[in-house]
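Asks: no FASTA, just this:
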């Protein structure tokens, strides 16, 4: 069961911030082989690996229009409506992330500006398995479309009968993804990175996956294919005071713990009464849920921590740098302004984390494992890159020329200096 | 000497876009050892490795105030003034990159927003060697300060007498970097990644370096330390028409080629007359420059390409995705709008690339090796991360609750559903 830590001293904090260490198998070798295989043999390697890992022989990897049509029919109207409302909110929030910058005249005659443009070809990976993560299709596909990516390629594993989960297909179609391929695992990442006869190669790869997918993304990244961010188990930290509703807090902890046995959930509070009430509510709610055994395992990695104050709790949270932080305190909004390191912040009693996972509008692809200290969550920015531009007039070069010459010479880069000198000479001869 | 390619067919383009392959020694093993050594033994490993690689025994790695003061005295006033003007322009342009986003109400009662905050601890690496890259201190240090990074740590190798290049120290002081350490190579990256008794560990590492530094950055990245971007040899592509000044173009090609024997420079033009004139001017200018032998080697990897039109030249440039692109055409400004994949764009006859390298205001840390297809150059953004926030009111949750429940259930995440249900129940009981 979840552990309780009362008033940890400051030098215990670092230890409390450590994530449960996953049993790391050494899979680099076998993933490297898969990458090499797909790079060398393209579709025929994909066919062989799909037989091996997904137990199905595929002639064609591309999902047909017919399959897409059929997918829609197998879903309830309730679910389709829910998807549509969620997509609308996600679209609305992500559209606000597009922004234009105005040119800056750094000196008379020197104009500098930046322009964002879409990454042309992007690949989205969606895992298969028991729980089909169609919500991730929304979270990756919508910003990719808003950014204006020309080619959006989605890979997801087929089941034993060679089909893809209908909810995934339906959402892909809804957000405008035309190319869906039935390829999973490290071989999907290889196909997206290097391209095969059927699957086009892309410039950046997004999406969650098991340890093989994660390792494959890491390995192709070192070959120059960009990836979204480092992966890790999901996590939540709740900051609560005595005003918080203990059953809400317990429900939020459980909700995150159900992601997997290696997830970590934390309560940090200044109220021992709340802590005890949450503990009690956790036990009660676990009884009512189906997967209580898996949940128990991940709660075992987790902590209820008593701190001196809300201030100190926030301080701890910034050191932990959680993927999600829920602030359930009297002055939640004001407290949220002190959050520095976090993927996404949920403010007040009714902002439950599952709202952000599905439907409020924010993205659910977020930095885990303390990476929120240096990484942002997924956004439209992730599907674009920025280019700087400059226009220097004759006047401008006359103003700045000497500065460049002096600095280039001090760096012993005489060619750099000369590119200016030759122009200044021409100007003075005019 | 530089090669000439006349009217390459479309299927030759891919080949022409290949960068010269560097002689890649297998240094991963030795770099891994250095990382392990520094992680395990801290300062004592740094001391040993600095003796081994820099030939100097250091008691303390931190540059003293006394050393900083002395540095300023050894530089000419001309150089100091040039640095100051460059810094002003860089500051001005990079300040314009700070932006605020306004909250979005995705549905009544659901507010979502993003906030940027500085990465707290960042490490800057500046190589030593013959050409002291003090300009890179400006390019890394100024955006770090504008972003608001609390700890900015600079590492740079000492020379044989245990001193650091005075220009580097002077600029570091000028941009407000307080902590400079005399550590170089892979051991500097290890110190920044893991921390030692003297060198504080950081969350993200920036800066150029040799193949050991590059490999070390790549390896610590896979342990979760963020890095600025993948490294590669510098490069320029010039798009020119018959109106361009051939000696300006030749000077720009040479200026980029002097970065190293593995650099690549390209001219893409629709005018055979210009191409021939550039070729002639290249030969003339090379005669006048000191390092003409090294230059010749990198020009050997380079091409002067004749295309059918400016349009086609731009098209090729977007496939090549150069670090720098110079547009020397009649309608340079209009043509620049068609550039999609590039690190930085220099428009017109007087916007020479060395302006951007030093002083116009844009950053000179840019994606090489085709990475401009998916990476942005360095900016204030690189020193910040964005956190999403959401506030959902009781009213808001009533609106969106059912949507979340439906989607969570379809993904078989019952804990996620329950976090909403338990709140909706409370609301309806009120």
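Replies: On my side now, so go ahead. Note that this is a predicted model, so its numbers are computed, not measured. Numbering: from 1, shown residues only, chains lettered A, B, ... in the order given.
Asks: from here on, just use CA atoms for contacts and neighbour counts.
Replies: Noted.
Asks: now the strands for the stretch 101-250 of chain A?
Replies: A:104-107, A:110-118, A:121-125, A:151-156, A:179-182, A:204-206, A:226-227, A:235-240 (DSSP state E, counting those that start in this stretch).
Asks: could you do the stretch 251-400 of chain A as well?
Replies: Taking DSSP E, counting those that start in this stretch to define them, one finds strands in the stretch 251-400 of chain A at A:264-269, A:303-306, A:324-328, A:344-347, A:384-392.
Asks: got the angle for the last one vs strand B:324-328?
Replies: Same thing as strand A:384-392. 40 degrees (axes from the mean of the first three to the mean of the last three Cα atoms, to 10 degrees).
Asks: could you see whether chain B lies near strand A:384-392?
Replies: Yes: under the criterion of Cα under 8 Å from any Cα of the partner chain, strand A:384-392 makes contact with chain B via A:384, A:385, A:386, A:387, A:388, A:389, A:390, A:391, A:392.
Asks: what helices or strands is that strand leaning on?
Replies: strand A:110-118, strand B:344-347 (3 or more Cα pairs under 8 Å, 6 or more residues apart in numbering or on different chains; DSSP states H and E).
Asks: and for the fourth one?
Replies: The criterion is 3+ Cα pairs under 8 Å, 6+ apart, and the helices and strands that strand A:344-347 contacts are strand A:324-328, helix A:332-336, strand B:384-392.
Asks: can you list the strands that it pairs with?
Replies: Strand A:344-347 has its sheet partners listed here by DSSP bridges as strand A:324-328 (parallel), strand B:384-392 (parallel).
Asks: low-confidence ranges, chain A, go.
Replies: A:22-24, A:130, A:291-293, A:430 (pLDDT under 70).
Asks: just to revisit the earlier point, can you add distance to residue A:255 and mean neighbour count and give the strands of the stretch 251-400 of chain A back as TSV?
Replies: Rendered in TSV, the data for the strands of the stretch 251-400 of chain A read as follows (distance: least, Cα to Cα, whole Å; neighbours: other Cα atoms under 10 Å in any protein chain shown):
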stretch	distance to residue A:255	mean neighbour count
strand A:264-269	9	27
strand A:303-306	15	21
strand A:324-328	12	29
strand A:344-347	14	29
strand A:384-392	32	25
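Asks: so which of those is nearest residue B:184?
Replies: strand A:384-392 (30.2 Å; Cα to Cα).
Asks: returning to that earlier point: and of the helices and strands packed on strand A:384-392, who's closest to residue B:108?
Replies: strand A:110-118 (30.8 Å).
Asks: before we move on, back to that, okay if I get the strands of the stretch 251-400 of chain A as CSV plus distance to residue B:154?
Replies: Shown next, in CSV, are those (distance: least, Cα to Cα, whole Å):
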stretch, distance to residue B:154
strand A:264-269, 35
strand A:303-306, 37
strand A:324-328, 32
strand A:344-347, 30
strand A:384-392, 25
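Asks: tell me which of these sits nearest to residue B:195.
Replies: strand A:264-269 (25.8 Å).
Asks: name the residue of the stretch 251-400 of chain A that lies nearest to chain B.
Replies: residue A:255 (4.1 Å; Cα to the nearest Cα).
Asks: same list, the strands of the stretch 101-250 of chain A, but as a markdown table with distance to chain B and mean neighbour count please.
Replies: Formatted as a markdown table, the strands of the stretch 101-250 of chain A follow (distance: least, Cα to the nearest Cα, whole Å; neighbours: other Cα atoms under 10 Å in any protein chain shown):
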| stretch | distance to chain B | mean neighbour count |
| --- | --- | --- |
| strand A:104-107 | 5 | 20 |
| strand A:110-118 | 6 | 22 |
| strand A:121-125 | 9 | 26 |
| strand A:151-156 | 13 | 24 |
| strand A:179-182 | 20 | 22 |
| strand A:204-206 | 6 | 25 |
| strand A:226-227 | 7 | 22 |
| strand A:235-240 | 12 | 28 |
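Asks: need these in JSON lines (columns: distance to residue A:92).
Replies: Formatted as JSON lines, the strands of the stretch 101-250 of chain A follow (distance: least, Cα to Cα, whole Å):
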{"stretch": "strand A:104-107", "distance to residue A:92": "29"}
{"stretch": "strand A:110-118", "distance to residue A:92": "18"}
{"stretch": "strand A:121-125", "distance to residue A:92": "21"}
{"stretch": "strand A:151-156", "distance to residue A:92": "20"}
{"stretch": "strand A:179-182", "distance to residue A:92": "24"}
{"stretch": "strand A:204-206", "distance to residue A:92": "21"}
{"stretch": "strand A:226-227", "distance to residue A:92": "25"}
{"stretch": "strand A:235-240", "distance to residue A:92": "25"}
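Asks: how about the residues of the stretch 201-350 of chain A by chain B?
Replies: Applying Cα under 8 Å from any Cα, we find that the stretch 201-350 of chain A lies next to chain B at A:203-204, A:218, A:222, A:224, A:226, A:230, A:247-248, A:251-252, A:254-256, A:258, A:289, A:340-348, A:350.
Asks: switch the helices and strands packed on strand A:384-392 over to JSON lines; also include distance to residue B:59.
Replies: Below are these laid out as JSON lines (distance: least, Cα to Cα, whole Å):
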{"stretch": "strand A:110-118", "distance to residue B:59": "45"}
{"stretch": "strand B:344-347", "distance to residue B:59": "42"}
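Asks: among the ones you listed, which comes closest to residue B:418?
Replies: strand A:110-118 (38.2 Å).
Asks: just checking: what are the partner strands of the closest one?
Replies: Paired strands of strand A:110-118, with direction, are strand A:104-107 (antiparallel), strand A:384-392 (antiparallel) (DSSP bridges).
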